[in-house]
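>>> Predicted structure and sequence below. I'll ask about it afterward.
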Amino acid sequence: MSETVVFVGKVIVLIGVLFDLLGCIGLVRLPDVYNRLQASTKCVTLGTCLILFGVFLMSGFLWKSLLAIVFVALSGPTAAHAISHAAHKAGVKLWEKSVVDKYQEDKKKVKES
Amino acid sequence: MIPRLPLIFFIPLILSCFLCLYRVFRGPTSADRIVAVDILGILVVGFCALFVVYTPRKYFMDIAIAWTLLGFIGALTLAKYLEGKRFDE
Amino acid sequence: MKKLVLFLVSFTAWLVLTWTIYYPALLIGILISIIIGFWFGDLFTQRPRHFFQIKRLLYLLYYIPIFLYYCTLANLDVAYRVLHPYLPIEPGIVKVKTTLKSEVARVALANSITLTPGTMSVALTDDGYIYVHCIKVYSADLKEATQRIVSRFEPILREVFE
């Protein structure tokens, strides 16, 4: 029984580590701040949650890791939201092939009126 | 008893840390560097979680929890700095 | 009531962190939780009765598997776009409208949007609009974007938080 649980934990840790690697490849390859933030936040948050869950299974049910999962899953998207909001306010441009930017249009409207 | 983890599991994490450091070096704007540092903080949490299994010392999980919260506060502070506000707003 | 809620939450966190029933440790935990509850109880929640309604907790349990499904889908989507040699992306910022009223529900909606396929919330306004950065823009129209992005989560989150 415990052998099976440890094996499942190892597989989950492996999947999480590979998702982390994918997120960081996205951080290098994608063209502007918002796309990088999007890819890396999604992949690294889910990857780290999977690593913590695999460690929870492998280490004989260490319940602290579930608390760590809650903290990572709450703080990752919030930090991403704060950074993207600050970058847009600081005037970081979108990629030049971007289709639409409603937020910039609305800010201009507020300034003109 | 806690089983040992083979060292292979660390290699993708180390590679992704180097990719983050590349983005910190080459980032065209300071927002890119802030994103990379934030992601690096979450990767360190994964490292701490793997050390719980690699060396049978359970206090690494406490370090992981503390690192999560400190990284979150650091990211918020850097975002405030990027926005150009004072810190008490 | 507010202080009681924060006391319960912090004491649960203490129990999970120490994971023992050794009773001096429990005593210290109760003491610290009482202090935290008295100091910060007014800041933690505004409507403490919601924590004790069983229906909301059941809806939260129903929400978690749906959220995990979309989260996995999002990761596979990002993996496909990142590993593709020509980077099939058309980024842009669109605007969606939410009808949720309370702040906690809006924050939960924004965080869910960040972790679901191809979208990331950039800004929240006071009158209920969310600006969403899409990695591939399907339609820049307000209603269609709302239909695509928001409507998966909004009914469940309304049951949970409002």
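On my side now, so go ahead. Model, not experiment: these values are computed from the prediction.

>>> ok, which stretches of chain C are strands?
Under the criterion DSSP state E, chain C contains strands at C:92-97, C:119-124, C:129-134.

>>> Spit out the contact partners of B:L7.
Contact analysis of B:L7 by Cβ atoms under 8 Å, 6 or more residues apart in numbering or on different chains lists B:Y54. In short, each C-beta sits where N, CA and C put it, glycine included.

>>> quick one: which of the strands of chain C is nearest A:Y34?
strand C:129-134 (4.8 Å; Cβ to Cβ).

>>> what about the chain, any weak spots by pLDDT?
Using chain A. Judged by pLDDT under 70, chain A has its weakly predicted residues at A:1, A:98-103, A:113.

>>> look at chain C instead
Scanning chain C for pLDDT under 70 picks out the ranges C:140.

>>> okay, now the domains of it?
Split into domains by automatic domain parsing, chain C comes to C:2-50, C:54-161.

>>> and those as a markdown table, adding mean neighbour count and distance to B:L69?
Below are those laid out as a markdown table (neighbours: other Cβ atoms under 10 Å in any protein chain shown; distance: least, Cβ to Cβ, whole Å):
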| stretch | mean neighbour count | distance to B:L69 |
| --- | --- | --- |
| domain C:2-50 | 14 | 12 |
| domain C:54-161 | 17 | 17 |
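
>>> how close does the nearest residue to A:S65 once chain neighbours are set aside get to A:V5?
Nearest residue to A:S65, sequence neighbours excluded (Cβ to Cβ, 6 or more residues apart in numbering or on different chains): A:F56, at 4.2 Å. Distance, A:F56 to A:V5, by Cβ to Cβ, to the nearest Å: 10 Å.

>>> Between the two, which is the more surrounded one?
Legend: neighbour count by other Cβ atoms under 10 Å in any protein chain shown for A:F56 and A:V5, higher for A:F56 (22 against 13).

>>> For the one helix or strand that one maps to, name the packing helices and strands.
Per DSSP states H and E: A:F56 is located in helix A:33-58. Where contact means 3 or more Cβ pairs under 8 Å, 6 or more residues apart in numbering or on different chains; DSSP states H and E, helix A:33-58 is packed against helix A:2-29, helix A:64-89, helix B:30-54, helix C:54-83, strand C:119-124.

>>> now these as TSV including distance to C:W39?
Shown next, in TSV, are the helices and strands packed on helix A:33-58 (distance: least, Cβ to Cβ, whole Å):
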stretch	distance to C:W39
helix A:2-29	37
helix A:64-89	21
helix B:30-54	28
helix C:54-83	26
strand C:119-124	28
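
>>> Can you say which of these is nearest to B:T68?
Among the helices and strands packed on helix A:33-58, the nearest to B:T68 by Cβ to Cβ is helix A:64-89 (4.6 Å).
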